[in-house]
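> just need the structure, nothing else, for what follows:
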Amino acid sequence: MNEMSPPLNLSRRSFLGASLGALVLGVALPAGGRAFAQEATPAIVPGTRVNAYIQIQPDSKVLFRSAFIEGGQGIFTAMAQIVGEELDVDPTQFVVEGAPPGPDYTLIGGARFTGGSMSVRMSYDAMRKLGASARRMLLQAAATQWRVPIESLTTQPGRVIHAASERSVAYGDLAKAAAALPVPSNVALRSSSHFRWIGKPVARIDIRDKSTGKAHYAIDLKVEGMLYGAVQHGVRLGMEPGALLNEDQVKAMPGVHSVHHLPGAVAVLANSWWRARRAVEALQITWTEAAPGSTVRVMPADYSSEKHLAELKARTGDGIAFETHGEVGPALAGAARIVEASFDAPHLAHAQLEPPSAIARCNADGTLEIWAPNQAPEMFQADAAKVAGIAPEKVIIHSPILGGFFGRHFLYQTANPYQQAIMLAKATGRPVKLVWTREEEFLRDALRPMGVARFRAGLDASGMPIALSAVAVGEGATGRWFGRTVDKVDSSAVEGIAGKVYAIANRRVGQIHVDDPAIIGFWRSVGHSMNDFFYETFFDEMADAGKQDPYELRRRLLADSPRHRNLIEAVAALSGGWKRGPFTAEDGTRRARGVAMASPFGSEVATIAEVSLKDGEVVVHDVWVAIDPGSIVNPAIIEAQVNSAVALGLSSALLEEVVYEGGVPRARNYDGYPILPPDRMPRVHVRIVESGAPMGGIGEPGLPGVPPAVVNAASVLTGKRIRSLPLSRTKLTDAAG
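Numbers count the residues shown, from 1 in each chain. Prediction:
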């Protein structure tokens, strides 16, 4: 059996205490440090077993096994703040790593994944109780050791204190005794008025390792004796490799170990990745169509983005109702004016900077070990077991930190390399590290669905909206991967259109399902990423048709929702006061502002963007965001996440688009798929509003308001409504000439 060389700094640290003979508050792991999946039993309540999460080392540092994966969103720091607050340990004394699969970590409705901006809000209470339970166990251990009442003890960060005798003891010295105690069933939590770390801008605990190159992503990892793999996929999904015309010549290339047929691809293994890549790209492959009756998803040879968009636009009717209030039909019939518009948004790639990679190793004891970027360890474990033909408990999943999330690291058919790595490891009996080139990533990414939405609104004689009907046309990612009921609407296809809080008495939101031929997936803020653009730009069209200022109309329609009205007023104040424009800025440019509201993932957001036009393109100067997540853990992380979301939202609005021709994506690298360059990033201003509502998400909510705010501002300058993204499709001309 090949033993792992030391690429995983955190995993090695996690067993330091055990290797030194210290008994710690930590989950018992088999020899060698492998975190085998635990079999689910009714006795395990997720988030309650202290020993599954917390390990106190001899130096009193705390290893915390996080149920959620770090991918730049700051979750490891947030977990250290939450648990550290109740445990009474400074977050800087935490070492955090991703937990292995197991029922202890299924904190989201009995499941476990990092996504939907759910990590903190879904685990906040459980993690506080976990930290408080561990602290109570340490106090009890000290009380027993000193033979004093537990009520006479307090703690200071990392130490138990007995003030009467002026004694103190470090947590690390109590770990052995504390580990033998039962987890208390009832613990008191710290009052929020006494918080030292929750709610404070605690510095990221991972920033030093990331800044100095010590942090290890999947693409950095190595295991002893491994081969390197590179693949060449069929250019069109569903094509299968046939004859290899120059296989012998490729096998003779320097360092090449072997050549392998895979479903939809050919792989070359070599003693370096560069040699594997050069060899696989040199292969002359005869590609064939998928066999009749194949279960593999096939992209039609005549598929094009233009054709699919035309199909979506051609669908008529109101679809299946998802949300209904009042009587839309009669209200529209009695309206003084009808406003209608149709909007569309394209497929988008994830285009994350870390290329997909995975390591697979078949161990002598019959287990399969995988190192792969993922957002759902249990899902990957179950799927890997099917691929390998073994029981799930024999699959060991390592979940390294991710080079970005964006919804890319879920289980997507044909879009993940780890399945190929498993097949290659089984075929060779050697560990295999497989890395996809950027070109293969763009060819097999799971895309944001293409979408179309039609709106029809009725205004009364004073220009106020009295009815609104909306129909989303397309397919939602949730239905694709978690099952769709034919007579029900996929909520991910209408989120951002449904659930709006504006006081329009009569409204209906429906969906017409149309299969998307592409492999679709979750993209940052999911359906909100385009649906809030559809709705909030149409809102401005309603306002213009009724001769209403769009900001003031929103305020008026939010009169009965103080939380939302307060938020839109907060973003206006942050921007120095609402002014739509056009107006002349200090630098002489002609500018305008747009506003948008969004309610994604349990948080509320208001956004204002200020733009000008130059050489037919939109220049975004400033974006102001007021975000109300109810309550917060780390304001610095919130601000960073909002900045990140603004960048991605702006990139999607201005530039990004996946175009298919002949069943094949046109772009295979960033030269054909431009993303927002640094010189087009605006100034971003953030105001956090804590309303005291239930805690909402952070990672995604800052994105959806950006495209509509930018487009609403640009439409003021052009004098024409813009209904399609990205804006780079159209040369924009200032109405003033």
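> just name whatever secondary elements the longest helix anywhere in the chain is in contact with.
Counting residues, the longest helix in the chain under DSSP state H turns out to be helix 119-146. When contacts are defined as 3 or more C-beta pairs under 8 Å, 6 or more residues apart in numbering; DSSP states H and E, helix 119-146 packs onto helix 50-53, strand 54-56, helix 75-87, strand 154-156, strand 159-162, strand 167-170, helix 171-179. Every C-beta, even on glycine, is put in place using the N, C-alpha and C of the backbone.
> distance to residue 467 added to these, as TSV?
Formatted as TSV, the helices and strands packed on helix 119-146 follow (distance: least, C-beta to C-beta, whole Å):
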stretch	distance to residue 467
helix 50-53	52
strand 54-56	55
helix 75-87	43
strand 154-156	60
strand 159-162	65
strand 167-170	67
helix 171-179	63
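> in CSV: these, plus mean neighbour count, mean pLDDT and distance to residue 410.
Below are the helices and strands packed on helix 119-146 laid out as CSV (neighbours: other C-beta atoms under 10 Å; pLDDT from 0 to 100; distance: least, C-beta to C-beta, whole Å):
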stretch, mean neighbour count, mean pLDDT, distance to residue 410
helix 50-53, 24, 92, 24
strand 54-56, 28, 94, 28
helix 75-87, 27, 96, 16
strand 154-156, 13, 96, 40
strand 159-162, 20, 96, 42
strand 167-170, 16, 95, 42
helix 171-179, 21, 93, 36
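> can you check which of those gets nearest to residue 484?
Closest approach to residue 484 among the helices and strands packed on helix 119-146 (C-beta to C-beta): helix 75-87, 29.9 Å.
> I'd like to check the angle between that closest one and helix 171-179, please.
Counting by axes from the mean of the first three to the mean of the last three C-alpha atoms, to 10 degrees, helix 75-87 lies at 80 degrees to helix 171-179.
> what's the angle from helix 75-87 to helix 119-146?
Using the same axes, to 10 degrees: helix 75-87 against helix 119-146 is 40 degrees.
> compare the helices and strands packed on helix 119-146 and give me the one nearest residue 579.
Closest approach to residue 579 among those (C-beta to C-beta): helix 75-87, 36.8 Å.
> after the closest one, which helix or strand is next?
strand 94-98 (DSSP states H and E).
> before we move on, the earlier item: of all the helices and strands packed on helix 119-146, which lies closest to residue 273?
Evaluated with C-beta to C-beta, those place helix 75-87 nearest to residue 273, the distance being 28.6 Å.
> and the angle for the closest one with strand 94-98?
Using the same axes, to 10 degrees: helix 75-87 against strand 94-98 is 130 degrees.
> helices or strands up against helix 75-87?
Packing contacts for helix 75-87, counted by 3+ C-beta pairs under 8 Å, 6+ apart, involve strand 62-66, strand 94-98, helix 119-146.
> now find how far off-centre the last one is within its chain.
It refers to helix 119-146. Remark: helix 119-146 is offset 29 Å from the chain centroid, using C-alpha atoms, centre = their mean, to the nearest Å.
> pLDDT on it, on average?
Taken as a whole, helix 119-146 carries a mean pLDDT of 95.
> next one: stretch 269-279
Average pLDDT, stretch 269-279: 98.
> kindly report the same for stretch 319-329.
On average, stretch 319-329 scores 97.
> show me where pLDDT drops low in this structure?
For the chain, the stretches with pLDDT under 70 are 1-42.
> about what we covered before: TSV please, covering the helices and strands packed on helix 75-87 and showing distance to residue 418 and mean neighbour count.
Below are the helices and strands packed on helix 75-87 laid out as TSV (distance: least, C-beta to C-beta, whole Å; neighbours: other C-beta atoms under 10 Å):
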stretch	distance to residue 418	mean neighbour count
strand 62-66	21	24
strand 94-98	15	23
helix 119-146	22	22
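> quick one: the strands in the stretch 301-450 of the chain, in order.
Remark: strands assigned in the stretch 301-450 of the chain by DSSP state E, counting those that start in this stretch are 320-325, 337-345, 357-362, 368-371, 395-398, 432-435.
> wait, which of the ones you listed is closest to residue 620?
That would be strand 337-345 among the strands of the stretch 301-450 of the chain, by C-beta to C-beta, at 18.0 Å.
> output the contacting helices and strands for the closest one.
Using 3+ C-beta pairs under 8 Å, 6+ apart as the contact test, the elements touching strand 337-345 are helix 305-314, strand 451-459, helix 528-545.
> got the contact list for it?
For strand 337-345, contacts defined as C-beta atoms under 8 Å, 6 or more residues apart in numbering pick out 309, 312-313, 332, 450-459, 463, 529-530, 533-534, 537-538, 541-542, 545-546, 721, 723-725.
> got the angle for that strand vs helix 305-314?
Following the same axes, to 10 degrees, one obtains 150 degrees for the angle between strand 337-345 and helix 305-314.
> so what touches stretch 636-650?
Residues contacting stretch 636-650 (C-beta under 8 Å, 6+ apart): 72-74, 77-78, 201-204, 406, 524-525, 529, 620, 623, 625, 627, 629, 632, 676, 680-682, 684, 686, 688, 698-707, 710.
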